[in-house]
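Structure for the following, please:
(chains A, B, C and D)
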2 protein chains.
Amino acid sequence: MARRAQQTTRTGILAIAQEAGVSPSTVSRVINGTAGVTDEKRKAVEAAIAKYHYEPNRFARSLVTHQSHIIGILIDRSIRYATANTLVQLEEVASNAGYMSVTLTIDKPWKVSLQRALAQLRSLSIDGLVVIAPRVGLADALAASGVQWPLVIINSLLLPYAHGISVVGEQQLEASKHLTEHLIAQGYTRIWHMAGSADWHDEQQRALGWKQALQEHNLERFGKLIQCTWSAQSAYQAIMAEDFSDGMPDAIFVASDHMAYAAIAALRARGIRVPEDIAIAGYDDAEGSIFLDPPLTTIKQDLPAVARTAMYTLLQKIEGKPTDDVVAMEAQLIVRQSSIRAQQKCPPRDSNPEPTSSQAWWLQPNLFYHPFF
Amino acid sequence: MARRAQQTTRTGILAIAQEAGVSPSTVSRVINGTAGVTDEKRKAVEAAIAKYHYEPNRFARSLVTHQSHIIGILIDRSIRYATANTLVQLEEVASNAGYMSVTLTIDKPWKVSLQRALAQLRSLSIDGLVVIAPRVGLADALAASGVQWPLVIINSLLLPYAHGISVVGEQQLEASKHLTEHLIAQGYTRIWHMAGSADWHDEQQRALGWKQALQEHNLERFGKLIQCTWSAQSAYQAIMAEDFSDGMPDAIFVASDHMAYAAIAALRARGIRVPEDIAIAGYDDAEGSIFLDPPLTTIKQDLPAVARTAMYTLLQKIEGKPTDDVVAMEAQLIVRQSSIRAQQKCPPRDSNPEPTSSQAWWLQPNLFYHPFF
DNA sequence: GCGTGACGGACTAAACAAAAT
DNA sequence: CATTTTGTTTAGTCCGTCACG
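Residues are numbered from 1 along each chain as shown, chains lettered A, B, ... in the order given. Purely as a prediction, here's the structure:
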């Protein structure tokens, strides 16, 4: 009972109308710029609004407009660390555009979980929906559920969906292929892949890129896939358990940098040197990778850019503007010493060119960009 | 005009009532458990609800109840990587308790930014508010703004606020002190601190803990604080720029693990060995720290637990139950080789005891806990 | 125990009044 | 004077809740 909301006779549109000496609908017009209003009356209304710090009640408004200026965000509960800040970016772009966002977590089984979440979002009359769908199955469940809102899916499986749903993601297949080709170019032939959880699109794309590169160079028979989960621990254990009796690999493309750290530590524990004995490459360009000894070859994902682009795309859709069905973003190969055959001393700092300063507003946080992202 | 909301004759309470052969108010009663309803009718209604996946429109409801079952979350835009998943945890606890949460990002200047955000939240009639306020100034601006909701602040400055506002955070001061004392116990005397951004409470607490430990052991005159930002780059540059002409430190307590990685790399580049020449300790227990060579001494933060506790505390407040004004959570010192004087070979995996399985529901994600967190 | 009907606060179509052509 | 243009009001609507009968 203490929770009973305050009785604040919240200044309504009626009060403003009286104060300004006009009818409520005129006030509405001033607020929404719907139709012409005399300058005189407009000013009177604006004065009244300012005087009372009036803000129209969202509920009452949404009840009739079926719009809420709220955007739904659905995230797969099992997101990895890297994905977590995707969320922050989404919020931020939405925030800047004057939208609020509500986030819901979903998990397997997709169908029921999704049903529940969608019902909740529906009850909020959200204007649009972004779904972070790294695991296989979610995107399909979504398509099957017949979502009725503008929808953008963040996913590395860059295939078009039906109904004008957009997919935004990074070209992980291509990036992984480049990375593998880099290893091949270094002269490595026995190139293995240490895989993250197999039910992730990200993993599937990475494995596929690796495989394709091997196939094109006729090296497939030397390849081997070691199945792990995304956890560093699984990577460590996998290396410790591997008996290498059929011969050691030259190089291992590890599915994530964090796994690569663990793999390197395990190799070290077994007396195997990197990169002298085995070259290692990772994926993610995690914060520590450049400072590792040896610095880790990897692929830099610009997750913040993906997130911002996804939200921007959604905002376009909401405004009825045309959008691409598939937005593929490039991932960048970063070669460092962990995959270089001829050891050469060089300074540990990257000499990466500054990213081209794009003018697109949604890519530019309006203040500084924290280097952790 | 394409944006005109879909006409979907959204199944309303009326449709359910007809389907079940009762009046709308009976449906309302079933949903809210307001008054007694015959078992027979109740079942009919429940069946109808299930059939149509009906979910009452929150806006229509809130319009009259003045309650929304929505919780606001305010986050400082400049949150670090570690903070990002705090957000996920907040959402999850709220969602388990049947609340939805809307998130807004704020930034300096606090006052105007806050004003804007609060106005938005007010228009949503949120039931409560959680603020992630790592930077100095936000919490004060909040207190000054006279927020009218139940409010919980996540912040490492564990001081009570007025008006029954609760603060939840980790005891970073104590943890940093312990860490510094550990260094002292190892026999180090010239212990420096490499600081993160000075306008963060986290940094201030860490620096203070370091300072207090030095003072209590009369080692303050050997200490030196190197001011950096949280970025790894700043740490790297700081080490490279340091001329050590007044003597080298024995040990450096670096404000974050990611900075520590960079510091170690920079020291290595200058031919200084860790820990033989200088011991290093970090803070955060980032994913890679255990696999570093040498494994990094650090402090493990349980940010998920902080977040869950904060949300739980807020829920208590909302329900009118008493809560503590300050909830201080412990942070755990993890000693690894980077700070150990007598080098001793040991396996790189921690033998940390499993965290005591607390029974508190808000601390237990209902499915698995991804190892990345 | 259950149905009827009056709200809640803002939007909007249609009806009306005033000014301009 | 009749006809458009422009501005304004009236009444009905959105979807639940709650006091009453």
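
make it CA atoms for all contacts and neighbour counts henceforth
Will do.

show me the contacts for the residue in chain A positioned nearest to DNA strand C.
Using C-alpha to the nearest atom of the strand, the single residue of chain A nearest to DNA strand C is A:G12, 2.9 Å away. By C-alpha atoms under 8 Å, 6 or more residues apart in numbering or on different chains, A:G12 lies in contact with A:Y54, A:P56, A:N57.

can you tell me which of these lies nearest to DNA strand D?
Of the contacts of A:G12, the one sitting nearest to DNA strand D (C-alpha to the nearest atom of the strand) turns out to be A:N57, at 11.5 Å.

how far does stretch A:261-274 sit from the chain's center?
The gap between where stretch A:261-274 is centred and where its chain is centred comes out at 31 Å by C-alpha atoms, centre = their mean, to the nearest Å.

Actually, stretch A:43-63.
37 Å.

quick one: contacts of it?
Here stretch A:43-63 has contacts from A:11-13, A:16-17, A:19-22, A:27, A:30, A:68, A:125, B:59-60, B:62-63, B:123-124, using C-alpha under 8 Å, 6+ apart.

per-residue confidence for the residue of chain A closest to DNA strand C?
Note on A:G12: pLDDT of 84.

What distance do you get for it to DNA strand D?
Note on A:G12: its distance to DNA strand D, by C-alpha to the nearest atom of the strand, to the nearest Å, is 13 Å.

Within range of chain B, give me the residues from the stretch 1-150 of chain A.
A:2-3, A:5, A:55-60, A:62-63, A:65-67, A:78-81, A:84-85, A:87-88, A:91-92, A:95, A:100-105, A:119-120, A:122-124, A:148 (C-alpha under 8 Å from any C-alpha of the partner chain).

Any stretches of the stretch 51-200 of chain A with poor pLDDT?
Residue ranges of the stretch 51-200 of chain A with pLDDT under 70: A:80-84.

Run through the strands of it in chain order.
A:70-76, A:100-106, A:128-132, A:151-154, A:166-170, A:191-195 (DSSP state E, counting those that start in this stretch).

can I get those strands in a markdown table with mean neighbour count?
Shown next, in a markdown table, are these (neighbours: other C-alpha atoms under 10 Å in any protein chain shown):
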| stretch | mean neighbour count |
| --- | --- |
| strand A:70-76 | 23 |
| strand A:100-106 | 25 |
| strand A:128-132 | 26 |
| strand A:151-154 | 26 |
| strand A:166-170 | 26 |
| strand A:191-195 | 24 |
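
Make TSV from those and add distance to B:D284 to it.
As requested, those are arranged in TSV below (distance: least, C-alpha to C-alpha, whole Å):
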stretch	distance to B:D284
strand A:70-76	25
strand A:100-106	25
strand A:128-132	26
strand A:151-154	29
strand A:166-170	29
strand A:191-195	27
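
residues from the stretch 51-200 of chain A in reach of DNA strand C?
A:E55, A:P56, A:N57, A:R58, A:A60, A:R61, A:L63, A:V64, A:T65 (C-alpha under 7 Å from any atom of the strand).

Next step: these restricted to helices.
Applying DSSP state H to those, the entries found in helices are A:R58, A:A60, A:R61, A:L63, A:V64, A:T65.

Among the residues you listed, which ones lie close to DNA strand D?
A:A60, A:R61, A:L63, A:V64.

I'd like to know how far the third one sits from B:G33.
In this structure, A:L63 lies at 24 Å from B:G33, with C-alpha to C-alpha, to the nearest Å as the measure.

quick one, which of the two is more surrounded?
More crowded of A:L63 and B:G33, by other C-alpha atoms under 10 Å in any protein chain shown: A:L63, with 18 against 11.

which residues touch stretch A:188-206?
Counting by C-alpha under 8 Å, 6+ apart, A:134-136, A:155-157, A:172-173, A:175-177, A:180, A:183, A:207, A:210, A:219, A:222-231, A:235, A:248-256 sit against stretch A:188-206.

List the contacts of A:E174.
A:G209.

Confirm for me that A:I75 is in contact with A:K108.
No. If you go by C-alpha atoms under 8 Å, A:I75 and A:K108 don't touch, sitting 11.7 Å apart.
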